[in-house]
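# Prediction below, plus the sequence it came from.
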Amino acid sequence: MEKQKPSLMLVDGMALLFRAYYATAVTGQFMINSKGVPTNGIFGFIKHLMTAISSFQPTHLAVCWDMGSKTFRSELYDGYKANRSEAPVELLPQFDLVKEVVSAFDIPNIGKVGFEADDCIGTIANQAKADANVSILTGDQDILQLLDESISVILLKKGYGNYLVHTPKTFFEDKGIKPQQMVDLKALMGDPSDNYPGVKGIGEKTALKLLQEYEHVEGIISNLDKLSKGNKTKIEQDLDMLHLSRRLAKIKCDVPVSCSLDEAKIKFEKEKVLDKFSDLELRGLQRILPQEDAIVS
């Protein structure tokens, strides 16, 4: 019988932390502990993480993080993510503390200054996919460009334990293009949440149609004369931004980070985890810890 491949779950740490924080912050439930430190984001993060582990049963896990707002993308384009406001003051102390909690589980925290979590995820997913089935847990659709036969994407939906799982097949059924064409799609239509415009006046519907016909940005550009006058003019006027947007949209898969399957194997010491919970006064999480077989005590 063929030995089953390990399953590696790569987690977009910021996606989980921000989602958890805002879900409770709207009602002012910051869960301030006796040291005056808010813990609502950390609490929700752990809940999201444990729910995903119990839903998908990965054998291996690593969490990837953004390491500040200055990245090679902000060097390429001043406006990149310039529309984002500062993180709320109650969240600031939770950035470092959540990583301490992840470390208490003996789960690797991975990040590289100058790159985004997505780039680290892309790099490790590609390193690991020959030896493991990789799943990526995030709330960010950008990551769908990484989908392939050994990489699936689990998109977080509202609440806990609600997911939309994408494979290359479901992505194609949904969009009518291949996952790697997602980069060209975003180059054409831009991304308001990351604050780059793409080609002004071209939306998703037109972009998908062009990609279904001409495959990628280069294919579209070399067939400009076959396009409608309107689309031809729009693309010609925004040609530089089209190329720049493509560079901003593409996830880098050659970041200098690595994580061996050995390091990522799920194995934690219950006492160490409970000590960290107790230190931060996180109550009620003990009962959602994974089953005993993941624990080395």
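Nice, thanks for sending it over. Computed from a prediction, not measured in an experiment: that's the story for all the values here. Residues are numbered from 1 along each chain as shown.
# pLDDT of stretch 139-156, averaged?
For stretch 139-156, mean pLDDT rounds to 97.
# Please apply the same query to stretch 22-41.
Mean per-residue pLDDT for stretch 22-41: 94.
# mind listing what's buried in it?
Neighbour counts over stretch 22-41 (16 or more other CB atoms under 10 Å) mark 23, 24, 25, 30, 31, 37, 38, 39, 40, 41 as buried. C-beta coordinates here come from the backbone N, C-alpha and C atoms, glycine included.
# Mind picking the two most distant members of the residues you listed?
Taking CB to CB as the measure, these span a maximum distance of 18.6 Å, between 23 and 37.
# so where's the stretch 1-150 of the chain uncertain?
Across the stretch 1-150 of the chain, the ranges flagged by pLDDT under 70 are 1-2.
# how about the helices of it, start to end?
When assigned using DSSP state H, counting those that start in this stretch, the helices of the stretch 1-150 of the chain occupy the ranges 13-25, 40-56, 72-76, 92-104, 117-128.
# Residue 172 and residue 132, how far apart?
Distance of residue 172 to residue 132, computed by CB to CB, to the nearest Å: 23 Å.
# repeat for residue 34
42 Å.
# what do you get for residue 81?
According to CB to CB, residue 81 stands 31 Å off from residue 132.
# Of the two, which one has the most company?
Comparing residue 81 with residue 132 by other CB atoms under 10 Å, the one with more neighbours is residue 132, at 21 against 17.
# My guess is the more buried one contacts residue 7. True?
Yes - using CB atoms under 8 Å, residue 132 is in contact with residue 7, at 6.3 Å.
# Name the residues contacting each of the two.
residue 60 (CB atoms under 8 Å, 6 or more residues apart in numbering).
# Which parts of the stretch 101-250 of the chain are strands?
Remark: strands assigned in the stretch 101-250 of the chain by DSSP state E, counting those that start in this stretch are 109-110, 133-138, 151-156, 163-166.
# Generate TSV for those strands, with mean neighbour count and distance to residue 199 as supplementary columns.
Output for those, formatted as TSV (neighbours: other CB atoms under 10 Å; distance: least, CB to CB, whole Å):
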stretch	mean neighbour count	distance to residue 199
strand 109-110	20	34
strand 133-138	24	26
strand 151-156	22	26
strand 163-166	15	26
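# Compare these and give me the one nearest residue 48.
Checking the strands of the stretch 101-250 of the chain against residue 48 by CB to CB gives strand 151-156 as the closest, at 7.2 Å.
# CA atoms only for the closest one - export them in CSV, please.
The C-alpha trace of strand 151-156 is given here as CSV (Å, rounded to 0.1, in the frame of the first residue of the first chain):
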residue,chain,number,x,y,z
ILE,A,151,-1.7,22.9,-3.4
SER,A,152,-5.2,23.7,-2.3
VAL,A,153,-6.5,27.0,-0.7
ILE,A,154,-8.8,27.2,2.3
LEU,A,155,-10.6,30.6,2.3
LEU,A,156,-11.9,31.7,5.7
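# got a list of contacts for it?
9, 15-16, 19, 48, 52, 56, 125, 129, 133-139, 141, 143-144, 146-147, 162-167.
# Stretch 44-54 now?
Stretch 44-54 is touched from outside by 9, 11, 13, 16-17, 19-21, 23-24, 61, 63, 98, 101, 137, 154, 156, 160-161, 163, 266, 282, 285, 288-290, 294, with contacts defined as CB under 8 Å, 6+ apart.
# Just the buried subset of the residues you listed, please.
9, 11, 13, 16-17, 19-21, 23-24, 61, 63, 98, 101, 137, 154, 156, 160, 266, 282, 285, 289-290, 294.
# Now do the domain split for this protein, please.
When the chain is parsed with automatic domain parsing, its domains come out as 7-171+251-292, 175-249.
# Now do the shortest one: distance from first to last residue.
Separation of the first and last residues of domain 175-249 by CA to CA, to the nearest Å is 17 Å.
# just stretch 197-204 next, same as before
In stretch 197-204, first residue to last residue: 13 Å (CA to CA).
# ditto for stretch 207-227
For stretch 207-227, the end-to-end distance is 12 Å (CA to CA).
# Could I get the average pLDDT for it?
Rounded mean pLDDT across stretch 207-227 is 97.
# Give me the contact list for that stretch.
175-177, 181, 184-185, 187-189, 202, 231-232, 235-236, 239, 242-243, 246.
# Of these, keep whichever come out buried.
Restricting these to buried positions leaves 175, 177, 181, 184-185, 187-189, 202, 231, 235, 242, 246, with burial counted as 16+ other CB under 10 Å.
# now, which of those sits nearest residue 89?
The nearest member of the buried ones among the contacts of stretch 207-227 to residue 89, counting by CB to CB, is residue 189 at 34.3 Å.
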